[in-house]
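**Q** Curious how this folds, go ahead:
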Amino acid sequence: MRATTAVLALAAAALLTAGCATKKYVQEEIKTVNDRVGTVETQVEQAQTTLTDHEAKLAANAKAAENASQTAREALDRAVAAGKLAEGKLLYETVLSDDKIKFGFNKAELSDEARAALDEFAAGLAKENKDIYVEVQGHSDNVGPEKYNYELGEARAEAVRRYLSLKGIPLHRMSVISYGEMSPVADNTTRDGRAQNRRVVLVVLQ
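**A** Predicted structure coming up:
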């Protein structure tokens, strides 16, 4: 009788031990599955974030291209054709009109206002830390001979390029072109219009 009781006790203990072992195994499996689910959820969230960022960049690029001037789009075409760009996209353009940067009459020397504006521009590029390319465009009004206006626009654009190179933008990452009087943005028959047309445009590409 006592032997039977002992056997039953051992059997019961074995069942309890097996039950505990099975419960622990199930708990470990559940934990493993939960960890995997958590990892997958994290990956999905990261993928969604990446997709959202990508869509935002595409939208920004599309907006930049939509709002770009004709000469900015031409700059993009030139840079792409020359193999200058890593991604082939237009980032933005900055217009420095004569009433802002104060070129002297018929002169290409940079004023204090011009240097300050270019300092700000160069500092912004440094913060972005991007592999960018800049086309510097010179424009003029239509007062005077066409050839002279072309040369003046080129001289002003070149002065800007030289100054930006001193601020850390490599010369090989910039190019200069003059449109002279050929691409006005305002009416040349008014004083204010001519001031807007006398400008340097910085087209930033990537």
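
**Q** For residue 175, which non-adjacent residue is closest in space?
**A** Once flanking residues are discounted, residue 175 sits nearest to residue 135: 5.2 Å by CB to CB, 6 or more residues apart in numbering. Just so you know, the C-beta spots here come from the backbone N, C-alpha and C atoms, and that holds for glycine as well.

**Q** Give me the pLDDT value at residue 12.
**A** pLDDT recorded at residue 12 is 54.

**Q** oh, I was asking about residue 43
**A** For residue 43, the predicted pLDDT is 64.

**Q** tell me the contacts of the residue nearest to residue 175?
**A** Neighbouring residues of residue 135 by CB atoms under 8 Å, 6 or more residues apart in numbering: 75, 78, 79, 174, 175, 176, 177, 202, 203, 205.

**Q** make it 7 Å
**A** Applying CB atoms under 7 Å, 6 or more residues apart in numbering to residue 135 gives the contacts 75, 79, 175, 177, 203, 205.

**Q** Which one of these is nearest to residue 145?
**A** If you rank the contacts of residue 135 by distance to residue 145 using CB to CB, residue 177 comes first, at 19.2 Å.

**Q** Residue 107 and residue 153, how far apart?
**A** According to CB to CB, to the nearest Å, residue 107 stands 13 Å off from residue 153.

**Q** that older thread, so what pairs up with the residue nearest to residue 175 in the strands?
**A** Under DSSP bridges, the beta-bridge partners of residue 135 are residue 175, residue 203.

**Q** Make residue 1 into 44 and carry on from there
**A** Happy to do that; since the first residue is 44 now, the last one works out to residue 178.

**Q** can you pull the pLDDT of it?
**A** pLDDT for residue 178: 98.

**Q** hmm, back to that, can the contacts of residue 178 go into CSV with extra columns for distance to residue 142?
**A** Listed next are these as CSV, based on distance: CB to CB, whole Å:
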residue, distance to residue 142
118, 23
122, 29
218, 26
220, 22
246, 20
248, 26
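
**Q** Show me which of these is closest to residue 132.
**A** Nearest to residue 132 among those is residue 248, at 7.0 Å by CB to CB.

**Q** and the closest one, what pLDDT?
**A** pLDDT for residue 248: 96.

**Q** Name the nearest residue to it, sequence neighbours excluded.
**A** residue 176 (4.6 Å).

**Q** That neighbour contacts residue 129, doesn't it?
**A** No - judged on CB atoms under 7 Å, residue 176 makes no contact with residue 129 at a distance of 8.5 Å.

**Q** Between these two, point out the one with more neighbours.
**A** The residue with more neighbours, out of residue 176 and residue 129, is residue 176; 23 against 11, by other CB atoms under 10 Å.

**Q** Can you give me the neighbour number for residue 173?
**A** Residue 173: 13 neighbours (other CB under 10 Å).

**Q** Residue 137: what secondary structure?
**A** Assigned by DSSP: H, G, I helix; E, B strand; the rest coil, the conformation of residue 137 is strand.

**Q** Run a quick neighbour tally on it.
**A** Residue 137 has 15 neighbours, counted by other CB under 10 Å.

**Q** any idea how the protein splits into domains?
**A** For the chain, the domain assignment from automatic domain parsing gives the residue ranges 44-110, 112-248.
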